[in-house]
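Student: Sharing a sequence plus its predicted fold:
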Amino acid sequence: MRVLLSTYGSRGDVEPMVGLAMQLRALGVEVRVCAPPDEEFAALLGGVGVPLIPIGQPVRPMMQGKRPPTADLPQRSVELIAAQFAKITALAEECDALVATGVMQVAAPSVTEKLGIPYAYVSYQPITLPSPHHPPVPNPVRPFPPHVTDNGALWDLDAQGWNALFGEALNAHRASIGLSSVDNVRDHIYTDHPWLAADPTLGPWQEPTSLDVVQTGAWILPDKRPLSADLTTFLAAGTPPVFVGFGSMRAPKDAARVAIEAIRAQGRRALVSRGWADLALIDDRDDCFVVGEVNQQELFGRVAAVVHHGGAGTTTAAARAGAPQVVVPQVVDQPYWAGRVADLGIGAAHKGPAPTTESLSAALRTALAPDTLARATAMAGTIRNDGAPVAAQLLLDECSRDRPSVSA
């Protein structure tokens, strides 16, 4: 059996797919993964014995550029859709199923429709799936009118935005392969039976809705890498530090300075993650340490708190480790995860994407309080780690059901 996994985005979009790929291989499945051609994604996949099949442009330069990543989205989307139809079609012809994730997975359902193979769309957070219980994520290309507040009306506008951005290119490619046009691009991609790869405690799906959502739990890629000797020495040299990092995101202006000053104001040491924003230390005092690529699963159990951007993966990693969190949300689903952390009492949600020393200090006081630590510690044992195995078996079961029976 051969399965194609397709994603396009930052590390938070790619790493869960690597976790699923590892579990599928353990079940004897041959796996192919289409992802952006960034070196670190190739390294992630190489670590589980799966080569990266590159598609589109590298994502890291776009995230680090002077212009926001959404600046050229209409043109880039047309180019990416064309590349997807060409490459994914060729790859999927030799596969038994396709799993896709991300806003840009426009070609995947059409390719599988043409080939007659199973297709599953997966979201890493409930907030991006249509539901009367929450509004859609704000659209940076087509902002919603401020006077519209009804969730149903907002989801209708969201669908219109998808059609405006992707509809013409999608339907042109569908016509070229003999398929009829679609009038709702978003629902065509998501289907009425999407998967939700989020922990049920951290990011529960709320019923009832018109979607038949299968919540597998988060797809976690096990990390066995040891911490470096220098980092281990720093951790052992004093009380647990506060970790701060913004992952694959652009960081707010003066993020490192603000974070270090706020952490020091609480009498704590600071551990700064460079990330894609290339954060750095602000002086040579020995109460701060900077790290590059690091095993968060191992590290977060040894820190006093985690200050981060609110990506689904980082939020889940900190919750699994029992580390109190301060979420400084930047875009897309990150305000949702900030709200969940605050609602669960396992940390604080910073108001807005650009903290000051004072505002971050206030959030840290909440996160570092003994009762917050107690709730975070108690919740750690409830976070599931079997999401990727569950999804791998689910995919195999669905493929078995779709295979025609062989008569004697």
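Tutor: On my side now, so go ahead.

Student: May I ask which helix or strand of this structure has the lowest mean pLDDT?
Tutor: helix 60-64 (a mean of 81; mean pLDDT, DSSP states H and E).

Student: Tell me how the protein divides into domains.
Tutor: 2-220+386-402, 229-380 (automatic domain parsing).

Student: which of those domains sits most buried?
Tutor: Across the domains of the chain, averaging neighbours per residue (mean count of other CB atoms under 10 Å) puts domain 229-380 on top, at a mean of 20. Backbone N, C-alpha and C define where each C-beta goes, glycine included.

Student: now the end-to-end length of it.
Tutor: The first and final residues of domain 229-380 sit 27 Å from each other (CA to CA, to the nearest Å).

Student: and if you look at stretch 248-260?
Tutor: 20 Å.

Student: Need the contact partners of that stretch.
Tutor: 10-12, 59-60, 63-64, 244, 246, 270, 272, 275-277, 279-282, 288, 307, 309, 311, 328, 330-331, 353-357, 360 (CB atoms under 8 Å, 6 or more residues apart in numbering).

Student: for the stretch 101-250 of the chain, what spans make up the helices?
Tutor: Using DSSP state H, counting those that start in this stretch, the helices of the stretch 101-250 of the chain run over 108-115, 151-162, 168-176, 185-190, 229-236.

Student: what helices or strands is the least confident helix or strand of the chain leaning on?
Tutor: If you count contacts as 3 or more CB pairs under 8 Å, 6 or more residues apart in numbering; DSSP states H and E, helix 60-64 packs onto no helix or strand.

Student: one step back: which ones among the contacts of stretch 248-260 lie within strands?
Tutor: Among the contacts of stretch 248-260, the members found in strands (DSSP state E) are Val244, Ala270, Val272, Cys288, Val307.

Student: So Pro109 versus Val185, what's the distance?
Tutor: 10 Å (CB to CB, to the nearest Å).

Student: just the strands in the chain please.
Tutor: Per DSSP E, the chain carries strands over the ranges 2-7, 30-35, 52-54, 97-101, 119-123, 195-196, 214-215, 242-244, 270-273, 288-291, 305-308, 325-327, 347-349.

Student: The second one relative to helix 108-115, how many degrees between them?
Tutor: Put simply, strand 30-35 runs at 140 degrees to helix 108-115, going by axes from the mean of the first three to the mean of the last three CA atoms, to 10 degrees.

Student: For the protein, which residues score under the pLDDT cut-off?
Tutor: 65-74, 402-408 (pLDDT under 70).

Student: switch the cut-off to 90
Tutor: Low-confidence segments of the chain, defined by pLDDT under 90: 56-57, 59, 61-81, 83, 102-104, 138-142, 249-253, 398-408.

Student: Spit out the contact partners of the closest residue to Val78 other than its chain neighbours.
Tutor: Leaving aside its sequence neighbours, Val78 sits nearest to Ala169 (CB to CB, 6 or more residues apart in numbering; 5.0 Å). Shown in contact with Ala169 (CB under 8 Å, 6+ apart): Ser77, Val78, Ile81, Ala82, Val106.

Student: I'd like to know which of the residues you listed is nearest to Leu115.
Tutor: Val106 (16.2 Å; CB to CB).

Student: Against Leu235, how distant is the closest one?
Tutor: 45 Å.
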